[in-house]
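In: how would this look folded up:
(one chain, ligands or ions: 1)
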Amino acid sequence: MEILKNYIGGSWIESKEKNTIDIVNPASLDILGKVPFGVKTNEDVQVAVDVASKAYLEWKEVPVMKRVQPLYQLKRLLEENAEDIAKTITEECGKTIGESRGELQRAIENVEVACGTPMLIQSEFSENIAGGIDEFMIRQPLGVCACISPFNFPGMIPFWFLPYAIACGNTFILKPSEKVPLTMMKVFKLIDQLEGLPKGVVNLVHGGKETVDGLLEHKKVKAISFVGSTNVAKYIYSKGAAHGKRVQAQGGAKNPVVILPDADLEMSVKIITDSVYGCAGQRCLAASNVITVGDDGKIKDAIYEAAKARSTGYGLDENVEMGPVINGESRARIENHIAKGVDEGANLLLDGRNLKVSGFESGNFVGPTIIQNPPFNGKTVHTEIFGPVMSLIDLATVDDALEFVNRSNYGNMACLFTSSGANARKFRNQANVGNVGINIGVAAPMAQFPFSGWNDSFFGDLHGQGHHAIEFFTQTKVVIERWPKEWSRKF
Ligand code: NAD
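Out: Numbering: from 1, shown residues only. This is a model prediction of the structure:
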């Protein structure tokens with residue numbers, strides 16, 4: 001069984017840590033490989049940072065037009081190998097093959113936007129701000145930057161950061177989730193083929209908390225990009241800041257979706273159930289609290305039918321609409337939450353527990369679940385369950401719905417389904433979240449826009465993607481210049 005190696009300085013290197021954990025296919029429970037995991041991964045970090053900080057000295061001097069050339073090649077290689085990488089995503093993460101293809105497409109779009117860095121990095125110049133004095137601002141790279149990514153988008157999330165970081169002249173170390181490290185192994189085999197990318201500019205180190213702590217504590221690591229659960233995001237943000245780093249830490253979520261009586265019923269129900277149950281609910285932008293306003297039962301019935309009809313199975317089967325959750329621990333946690341919802345007094349309209357999929361009887365499957373009318377102050381409504389579980393709540397007015405939306409301590413996304421422009425305007429203005437969808441179920445910003453979580457869904461100032469990424473991965477320098485005429489030689 002293959003033990004994954006680190007990619008440091010352009011070579012595949014064995015970890016100093018001999019302890020490993022299994023990488024497991026969540027549908028079949030087949031073991032796909034082993035990944036180093038333990039205290040000595042910290043030593044791997046020291047080697048990677050040394051290599052990356054040496055490579056930085058050369059890379060920052062490469063003109064930006066040249067720095068983006070490897071990204072054009074990477075886009076092509078990702079496209080040529082998309083099907084193979086998508087298959088790996090499904091095998092280790094569980095989502096359907098269609099979802100894996102979509103995820104990879106989003107990764108490629110970030111590479112495309114980062115190819116525009118020569119334009120995005122341009123700066124400001126003010127002539128004659130005082131007599132004979134000019135002032136301008138330049139953007140310079142930071143040094144070694146690191147990314148710590150979660151399990152649910154193994155192919156996309158590293159690309160919210162990697163292409164921008166290197167295009168801006170930094171070097172980069174990725175620590176993928178130990179649950180799904182195979183996808184980035186495939187991607188790094190492509191990165192290894194890029195011409196014009198010096199060794200040590202992009203590196204990969206495996207592991208868990210020890211690897212992360214090594215990165216957070218190392219004084220030569222200048223910036224940390226994190227995506228994962230809120231508790232870990234808070235830890236990364238405070239520890240990274242205490243060690244003098246720039247940090248962007250994207251956390252968890254509990255996303256509300258509101259359907260008004262004037263919404264297109266068929267379209268809304270399809271989009272909303274896709275949002276709740278897509279990726280088996282393991283998306284930071286999955287809708288999980290669905291709020292109907294003044295529903296006479298029609299919307300509830302349509303949602304119930306759509307949820308019940310959703311097929312669950314192995315993601316490589318093209319006909320399957322929902323795959324398993326990531327592991328047995330996750331399945332047990334989700335099933336516990338469903339039980340708690342019942343204990344809290346909610347009505348279990350659809351129960352996805354104890355689902356067995358033929359041919360994959362031991363797989364970590366949870367079927368579509370609907371918990372109707374959980375109490376507002378209970379755990380069901382406020383906890384990120386991160387599984388295919390919908391809370392369905394009916395409220396009397398749009399204002400009640402907005403109040404519900406704004407009770408959450410998270411702020412990743414809120415969506416509204418309506419045909420009223422006035423209600424849509426009010427909602428987008430007043431919802432206390434960073435990403436808003438109007439007649440959209442997963443308000444995922446495209447690569448040109450920042451991924452704008454708020455509140456407990458984000459810690460930091462500058463988000464991933466687009467202009468924010470360029471700002472995050474550069475530091476500004478302001479130059480004020482005076483060149484007195486008298487100093488000029490006469491010709
Ligand atoms: P996680 O927080 O358990 O792990 C994320 C990363 O942090 C992994 O690489 C892991 O090795 C590392 N890690 C875990 N515990 C750590 C610790 N104690 N100290 C240091 N590092 C640690 O998250 P996950 O389960 O992999 O991913 C799911 C979570 O990510 C959900 O909460 C989801 O909402 C969130 N998420 C958020 C976004 C967003 O954009 N806001 C996107 C995707 C996922």
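
In: next, work out how far apart the residue positioned nearest the centre of the chain and the ligand are.
Out: Centroid check for the chain by C-alpha atoms, centre = their mean gives Ile157 as the closest residue, at 4.4 Å. Distance of Ile157 to the ligand, computed by C-beta to the nearest ligand atom, to the nearest Å: 6 Å. Backbone N, C-alpha and C define where each C-beta goes, glycine included.

In: what's the answer for Asn128, then?
Out: Going from Asn128 to the ligand by C-beta to the nearest ligand atom gives 44 Å.

In: which SS class is that residue?
Out: Per DSSP: H, G, I helix; E, B strand; the rest coil, the local secondary structure of Asn128 is strand.

In: any idea how many residues pack against the residue in the stretch 351-491 of the chain that the ligand sits nearest to?
Out: Nearest residue of the stretch 351-491 of the chain to the ligand: Gly453, at 4.8 Å (C-beta to the nearest ligand atom). For Gly453, the neighbour count with other C-beta atoms under 10 Å is 30.

In: please apply the same query to Phe136.
Out: So Phe136, with other C-beta under 10 Å, has 15 neighbours.

In: what lines up beside whatever helix or strand it lives in in the sheet?
Out: For Phe136, the element it lies in under DSSP states H and E is strand 133-141. Using DSSP bridges, strand 133-141 pairs in its sheet with strand 124-130 (antiparallel), strand 474-482 (antiparallel).

In: can you name the residues in contact with the first one?
Out: Outside of strand 124-130, the residues that reach it under the criterion C-beta atoms under 8 Å, 6 or more residues apart in numbering are Asp134, Glu135, Phe136, Met137, Ile480.

In: save the residues you listed as CSV, and put in pLDDT and distance to the ligand too.
Out: Conversion of the contacts of strand 124-130 to CSV gives the following (pLDDT from 0 to 100; distance: C-beta to the nearest ligand atom, whole Å):
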residue, pLDDT, distance to the ligand
Asp134, 98, 41
Glu135, 98, 37
Phe136, 98, 34
Met137, 97, 29
Ile480, 98, 39
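
In: tell me which of the strands paired with strand 133-141 sits most buried.
Out: Most buried of these by mean neighbour count (mean count of other C-beta atoms under 10 Å) is strand 474-482; its value is a mean of 12.

In: in terms of pLDDT, where does Met1 sit?
Out: Looking at Met1, its pLDDT is 85.

In: go on, the one 5 residues further on?
Out: Predicted confidence (pLDDT) at Asn6: the value is 98.

In: same check on Ala242?
Out: As predicted, Ala242 sits at a pLDDT of 98.

In: show the contacting residues for the nearest residue to Gln282 once chain neighbours are set aside.
Out: Sequence neighbours aside, Asn152 is the residue nearest to Gln282 in space, at 4.7 Å (criterion: C-beta to C-beta, 6 or more residues apart in numbering). Contact analysis of Asn152 by C-beta under 8 Å, 6+ apart lists Cys93, Cys279, Gln282, Arg283, Cys284, Ile326.

In: could you redo the last one with a cut-off of 10 Å?
Out: 93-95, 103, 177, 179-180, 227-228, 279-284, 286, 325-326, 386 (C-beta atoms under 10 Å, 6 or more residues apart in numbering).

In: can you report how many residues lie near the residue of the stretch 51-200 of the chain found nearest the ligand?
Out: Going by C-beta to the nearest ligand atom, the ligand is nearest to Pro150 of the stretch 51-200 of the chain, at 3.1 Å. Counted with other C-beta under 10 Å, residues neighbouring Pro150 total 22.

In: check Lys485 too.
Out: 6.

In: which non-adjacent residue is nearest it?
Out: According to C-beta to C-beta, 6+ apart, the nearest residue to Lys485 is Gly132 (7.5 Å).

In: number of residues surrounding the one you found?
Out: Here the number of neighbours of Gly132 (other C-beta under 10 Å) works out to 11.

In: quick one: contacts for it?
Out: The contact partners of Gly132, taken as C-beta under 10 Å, 6+ apart, are Glu481, Arg482, Trp483, Pro484, Lys485.

In: check Lys60 too.
Out: Neighbour list for Lys60: Arg67, Gln140, Pro141, Leu142, Gly143, Cys168, Gly169, Asn170, Thr171 [criterion: C-beta under 10 Å, 6+ apart].

In: enumerate the residues of the protein near the ligand.
Out: Residues of the chain lying close to the ligand (C-beta under 6 Å from any ligand atom) are 148-153, 175, 177-178, 208-209, 212, 227-229, 232, 235, 250-253, 284, 384, 386, 412, 451, 453, 457.
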